[in-house]
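> I would like the atomic coordinates for the input below:
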Amino acid sequence: MAPQAGSPFDETHSDIAVLRTLLSFPLPASFIDACSAKRAERGFVPLDMLFATLPAATVVADAQDHARSVARMFNGSNATHEKICMASRSGDQEAANLKAWLSLNGICPAPVHVLPAERAQALEQEMLPDPAGYLARADRPYPYSVNEQHWGFDIGWVNALLERGRTRLERFAATRQRDVAVLVGNGPSLKQTDLSLLHGHDVYISNYAVNHPTLSAVARGVAVSNYFVAEQAPEVFFDLPYWRVLPVGLSHVLRDDENTIWLNALGGPLFFSETPQTHIAWHATVSFFWLQVLLAVGYRKVLLIGVDNSYRQPNAVREGTLLRQAEDDENHFDPGYFRGKLWQAADTDHMARTYELAKSVFEAAGAEIVNCTVGGALESFRRAPLGQEL
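Reported below is the predicted structural model:
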């Protein structure tokens, strides 16, 4: 559908235009922007807006399918569902109508409840030494913690997702096209990198790199390991045409689909997992998360680009401290990357330790990580130009 001239949803934005092609009816990127803004303002996208871009002659079944897709994109997370319920309880009829429609259409929250911090921490410590044994028990929730938020997932739900994740990880490995992978970080050095070299190669991205038109066009997969990245913009990770690699703890934020590989991500002492189908380390940087997966599925060389390993942030902040980016973002390839969003302070020394560990495991396996980043502060790996290593 072509928008009418002068429509508030005319196609003037390209930031996440890739989403327009993923639904029954093309969505103008400006409509997605408008929905994002409405969700930020109200906490959810109201029912009338779910149908806003449909032609008048649309048949009812198609209209419902379309609206369900938009609802899953913006109203599918547990946090959003809770805001809808709170507004409904306070007498907001618009929220009450939306709540009823979501329930009628099977768009329900994931089976998860809030845990006391002490309980969540105790369960996490119980799971660390024997993840498989813990998951085999039916009398414990699956713990997931982010800063001061702690949740317990239904263990049956988690096991079902992890089983699907194992099957999909096998498919992912079977479709590997080369022995060399390019792992893209999101540092500002990407602006000095010749991204045209990536065409025809196995390229893997992370987080909001899905918004970069060139990177998204060549990517075979995206990883998201950070709750705040997922929760603040779930729409950009919706129904992507390539693999999503996610901790199962994000299943109350991002919905399952056939391209999603759910993994049992664990914190605790630093380790490198060579069997991500059972458990994987969740430390410091999403690039470390990816490196474990890429080695396990058979890549013999991983080329890093955009991995600057440097951050401008307030002095003396601890890793994980929540910061709000009010100004342009100087830490990433796009000044709008985190603008207006929350992000967690980084610890580049911790990151460096994860890279040193990854290097030792890769070398023991006869594989290699090469740093093809233009500049940057990461010196753990051999450096080489990207074009020379492809």
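> okay, CA-based contacts and neighbour counts for the rest of this
Fine.
> using PDB, write out every CA atom in the longest helix seen in the chain.
Across the chain, the longest stretch assigned as helix under DSSP state H is helix 155-174. The C-alpha coordinates for helix 155-174 follow below in PDB (Å, rounded to 0.1, in the frame of the first residue of the first chain):
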ATOM      1  CA  ILE A 155      11.000 -24.700  34.000                       C
ATOM      2  CA  GLY A 156       8.900 -26.600  31.500                       C
ATOM      3  CA  TRP A 157       8.600 -23.500  29.300                       C
ATOM      4  CA  VAL A 158      12.300 -23.000  29.400                       C
ATOM      5  CA  ASN A 159      13.100 -26.600  28.600                       C
ATOM      6  CA  ALA A 160      10.800 -26.500  25.600                       C
ATOM      7  CA  LEU A 161      12.500 -23.400  24.200                       C
ATOM      8  CA  LEU A 162      16.000 -24.800  24.800                       C
ATOM      9  CA  GLU A 163      15.000 -28.100  23.000                       C
ATOM     10  CA  ARG A 164      13.900 -26.000  20.000                       C
ATOM     11  CA  GLY A 165      17.100 -24.000  20.400                       C
ATOM     12  CA  ARG A 166      19.200 -27.200  20.100                       C
ATOM     13  CA  THR A 167      17.400 -28.300  17.000                       C
ATOM     14  CA  ARG A 168      17.800 -24.900  15.400                       C
ATOM     15  CA  LEU A 169      21.500 -24.700  16.400                       C
ATOM     16  CA  GLU A 170      22.100 -28.000  14.500                       C
ATOM     17  CA  ARG A 171      20.300 -26.400  11.400                       C
ATOM     18  CA  PHE A 172      22.400 -23.300  11.900                       C
ATOM     19  CA  ALA A 173      25.600 -25.400  11.900                       C
ATOM     20  CA  ALA A 174      24.500 -27.400   8.900                       C
END
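> what does that helix rub up against?
Here helix 155-174 makes contact (C-alpha atoms under 8 Å, 6 or more residues apart in numbering) with 111, 135, 137-138, 140-142, 243, 248, 256, 258-264, 277, 297-298.
> try stretch 260-270
Contacts of stretch 260-270 (C-alpha under 8 Å, 6+ apart): 125, 128, 161-162, 164-166, 168-169, 243-249, 276-283, 354.
> identify each buried residue in that stretch, please.
For stretch 260-270, burial by neighbour count (16 or more other C-alpha atoms under 10 Å) applies to 260-267.
> wasn't residue 358 part of a helix?
Yes: assessed with DSSP: H, G, I helix; E, B strand; the rest coil, residue 358 lies in a helix.
> can you pull the contacts of it?
272, 288, 291-292.
> gap between stretch 253-269 and the chain center?
9 Å (C-alpha atoms, centre = their mean, to the nearest Å).
> any chance of the contacts of residue 358 in TSV, plus distance to residue 35 and neighbour count?
Output for these, formatted as TSV (distance: C-alpha to C-alpha, whole Å; neighbours: other C-alpha atoms under 10 Å):
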residue	distance to residue 35	neighbour count
272	39	21
288	33	21
291	34	22
292	35	20
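> among those, name the ones in helices.
288, 291-292.
> redo those as JSON lines? Include distance to residue 385 and pLDDT.
Listed next are the ones in helices among the contacts of residue 358 as JSON lines, based on distance: C-alpha to C-alpha, whole Å; pLDDT from 0 to 100:
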{"residue": "288", "distance to residue 385": "21", "pLDDT": "96"}
{"residue": "291", "distance to residue 385": "20", "pLDDT": "98"}
{"residue": "292", "distance to residue 385": "23", "pLDDT": "98"}
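> which one of those residues is nearest residue 154?
residue 292 (26.3 Å; C-alpha to C-alpha).
> give the contact list for the closest one.
272-274, 276, 280, 358.
> cool, and residue 380?
Residues in contact with residue 380 (C-alpha under 8 Å, 6+ apart) are 352, 355-356, 359.
> and the helices in the stretch 201-350 of the chain?
213-218, 227-232, 286-296, 348-364 (DSSP state H, counting those that start in this stretch).
> out of those, deepest packed?
helix 286-296 (a mean of 22; mean count of other C-alpha atoms under 10 Å).
> starting at the chain centroid, how far to that one?
That offset, for helix 286-296, works out to 14 Å (C-alpha atoms, centre = their mean).
> pull out the CA atoms of it and give them to me as CSV.
C-alpha atoms of helix 286-296 as CSV (Å, rounded to 0.1, in the frame of the first residue of the first chain):
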residue,chain,number,x,y,z
VAL,A,286,27.8,-9.9,23.2
SER,A,287,30.9,-10.6,21.0
PHE,A,288,32.1,-13.1,23.6
PHE,A,289,28.6,-14.7,23.5
TRP,A,290,28.9,-15.0,19.7
LEU,A,291,32.5,-16.4,19.7
GLN,A,292,31.4,-19.4,21.7
VAL,A,293,28.6,-20.1,19.2
LEU,A,294,30.8,-19.6,16.1
LEU,A,295,33.5,-22.0,17.3
ALA,A,296,31.0,-24.6,18.3
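> run the angle between it and helix 348-364 for me.
Angle, helix 286-296 to helix 348-364, by axes from the mean of the first three to the mean of the last three C-alpha atoms, to 10 degrees: 10 degrees.
> helix 286-296 vs helix 155-174, what angle?
Interaxial angle, helix 286-296 versus helix 155-174 (the same axes, to 10 degrees): 60 degrees.
> please name the nearest non-neighbouring residue to the residue sitting nearest the centre point of the chain.
Centroid check for the chain by C-alpha atoms, centre = their mean gives residue 224 as the closest residue, at 2.8 Å. Spatial nearest neighbour of residue 224, excluding adjacent residues (C-alpha to C-alpha, 6 or more residues apart in numbering): residue 207 at 5.2 Å.
> could you report the neighbour count for that neighbour?
19 (other C-alpha atoms under 10 Å).
> my guess is it contacts residue 231, does it?
No: using C-alpha atoms under 8 Å, residue 207 is not in contact with residue 231; the gap is 11.4 Å.
> quick one on the thing from earlier: need the helices of the stretch 201-350 of the chain in TSV (columns: distance to residue 37).
Converted to TSV, the helices of the stretch 201-350 of the chain look like this (distance: least, C-alpha to C-alpha, whole Å):
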stretch	distance to residue 37
helix 213-218	21
helix 227-232	11
helix 286-296	27
helix 348-364	33
